[in-house]
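K.L.:
Structure for this input, please:
(chains A and B)
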Amino acid sequence: MNDPSKTKLGPPIVGVSKNIERVRELIEHVAGTGLNTVVFGESGVGKEVVAQNLYQKSPRVGKPFIKINCAALPEGLLESELFGYERGAFTGAEQKKKGKFQLAHSGVLLLDEIGDMSLPLQAKLLHVLQSGGEFSPLGSEKEVKADTWVIAATNHDLKRDIEAGKFREDLYYRLNIIKIYLAPLRERPEDIPPLINFYVKEYSQMLNNRNLEKPSPNVIERMCKYSWPGNVRELQNVLKRMLVLGDCSQILDELFNSEKITATQDGAADSSMSQHASLTEIIDLEGANSPDSQSFSLKTAKKKAVEMVEREIISHVLEKTDWNRSKASKILKISYKTLLYKISDLNIVPPEK
Amino acid sequence: MKKPFKLLIIDDSEEILTALTNYFSQKKYEVASAANGLDGLKQIEAKDATFDLIITDLVLPNISGVAIISIVKKKFPETPVIAITGWGEHPESLAKEAHADFVLEKPFKLPELEQLVKKLLKQ
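P.N.:
Okay, the predicted model is just below:
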């Protein structure tokens, strides 16, 4: 057996729902095959955790596990990141650079957000997969061969992307030899208590074994009723806040109050469907922020709305830059320090690693 | 009496699965069936499994027919696999790459499939 201590172990797949049990069973059966795999699921459900588990249960454990986010980089850059380049391949290519495909040789390459890959690059990827891992780096005439297990992840409905002409059907079938679907948390509330247990233990360890108080049964029950639009990642963030601040009920109240807003925002981020939600809805003038409420004032309402917009924009840019804060601060045209302050003030949390 | 041949049929369409199962049962084959790739694979990998031939659809939930063919050909290279497909040429070429013994396009006639099975089992 491989020595697991050599590799940093990712978290296990926690849950008792039928979906999660099925996912675990699938991983057991396919981890050894090295067949192209696509992990489907909404943002924050833990697609990367599935990829890590596949890797850890495969004979490739201990070999490289390389991840690349296909949505974060412009096409040309993504291509050179994936396949590498020769010295002098283009202006500024002063050094030869190996691509991620080659770096992942004998290991795993996780293509995150594959649904956002451009069509020309999809064609190139298809060609590499068809040839069994052969490609030539930019500016090179020599073909390189890499034995790389490709695992892709996406929150897109790729079938719909194919119909819309945004995703190649042949690439879809070539990647989709194994398909693993992670259901959103709202469809498997029975997983919430075991997830809470798991993360409370984990965060206690992170905080130097400080004895953290686990949320009460009553709080857990309420947490099971929330819709978790941000899925496991949101659950992690809420738990962290509860463990640090202690005031579980108030955090939950805020959560349920914002549920409507979050749903609208999330829809707007995920599809064009609700991009035109009315401002009244977004600010929730009929609900939590109603002028009838005691705490209402133009100033507080305005502050809330601005925070909402800021959080949305900053999260979006951070996601696009793969949480490269200095890049993000340049795009946002604010100072690095301001960005860090805003991240902590608005409680924007990096995606699970 | 000769021992009957054991078939495994994997298809996510209930109609096709039932039709094939009934047909081959009548023809005195011992038939096992699965509606998705994982359940099929579990039967293939079961300790006492001894399938003489596997018939699989190509597009299946979770583990595709292409994966089934690759896995079977690696672990049990002697076991013939027939792929059935109705989905155009992409999965079909994948099935050939995975060394399916035959790729049969839908729609097909049941006796046609049986002839193929007989041929592959060298009856």
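
K.L.:
And stretch B:61-68, what's buried?
P.N.:
Using 16 or more other C-beta atoms under 10 Å in any protein chain shown as the test for burial, stretch B:61-68 gives B:62-68. Heads up, the C-betas are built off the backbone N, CA and C, glycines and all.

K.L.:
for stretch B:95-114, same thing?
P.N.:
By 16+ other C-beta under 10 Å, the buried positions in stretch B:95-114 come out as B:95, B:98, B:100-104, B:113-114.

K.L.:
What of stretch B:80-98?
P.N.:
Of the residues in stretch B:80-98, those buried by neighbour count under the rule 16+ other C-beta under 10 Å are B:80-86, B:90-95, B:98.

K.L.:
Stretch A:250-257 too?
P.N.:
A:251-252, A:255.

K.L.:
ok, of the residues you listed, which one's closest to chain B?
P.N.:
Nearest to chain B among the buried residues of stretch A:250-257, counting by C-beta to the nearest C-beta, is A:Leu255 at 33.4 Å.

K.L.:
wouldn't the closest one be in contact with A:Asn237 here?
P.N.:
No: using C-beta atoms under 8 Å, A:Leu255 is not in contact with A:Asn237, being 10.4 Å away.

K.L.:
Secondary structure class of A:Ile151, three-state.
P.N.:
Put simply, A:Ile151 is strand when judged by DSSP: H, G, I helix; E, B strand; the rest coil.

K.L.:
if we can go back for a sec, among the buried residues of stretch A:250-257, which are in helices?
P.N.:
A:251-252, A:255 (DSSP state H).

K.L.:
out of the residues you listed, which touch chain B?
P.N.:
Among those, no residue lies close to chain B (C-beta under 8 Å from any C-beta of the partner chain).

K.L.:
In a markdown table: those residues, plus pLDDT.
P.N.:
Below are these laid out as a markdown table (pLDDT from 0 to 100):
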| residue | pLDDT |
| --- | --- |
| A:Ile251 | 88 |
| A:Leu252 | 89 |
| A:Leu255 | 87 |
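
K.L.:
Where do the strands of chain B begin and end?
P.N.:
B:6-10, B:30-34, B:53-57, B:81-85, B:102-105 (DSSP state E).

K.L.:
Reformat the ones you listed into a markdown table and put mean pLDDT and distance to A:Leu332 next to each item.
P.N.:
Output for the strands of chain B, formatted as a markdown table (pLDDT from 0 to 100; distance: least, C-beta to C-beta, whole Å):
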| stretch | mean pLDDT | distance to A:Leu332 |
| --- | --- | --- |
| strand B:6-10 | 97 | 52 |
| strand B:30-34 | 97 | 52 |
| strand B:53-57 | 97 | 50 |
| strand B:81-85 | 94 | 50 |
| strand B:102-105 | 92 | 53 |
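
K.L.:
Nearest to B:Leu17, out of those?
P.N.:
Ranking the strands of chain B by their distance to B:Leu17 (criterion: C-beta to C-beta) puts strand B:30-34 first, at 5.3 Å.

K.L.:
So the closest residue to chain B within the stretch 51-200 of chain A, which state does it fall into?
P.N.:
Nearest residue of the stretch 51-200 of chain A to chain B (C-beta to the nearest C-beta) works out as A:Tyr173 at 4.3 Å. Here A:Tyr173 is helix, with the state taken from three-state DSSP.

K.L.:
For it, list the residues it contacts.
P.N.:
By C-beta atoms under 8 Å, 6 or more residues apart in numbering or on different chains, the contact set of A:Tyr173 is B:66, B:90-91, B:94.

K.L.:
contacting residues around stretch A:315-330?
P.N.:
Here stretch A:315-330 makes contact (C-beta under 8 Å, 6+ apart) with A:69, A:71-72, A:269, A:314, A:331-332, A:335-336, A:338-340, A:343, A:348, A:350-351.
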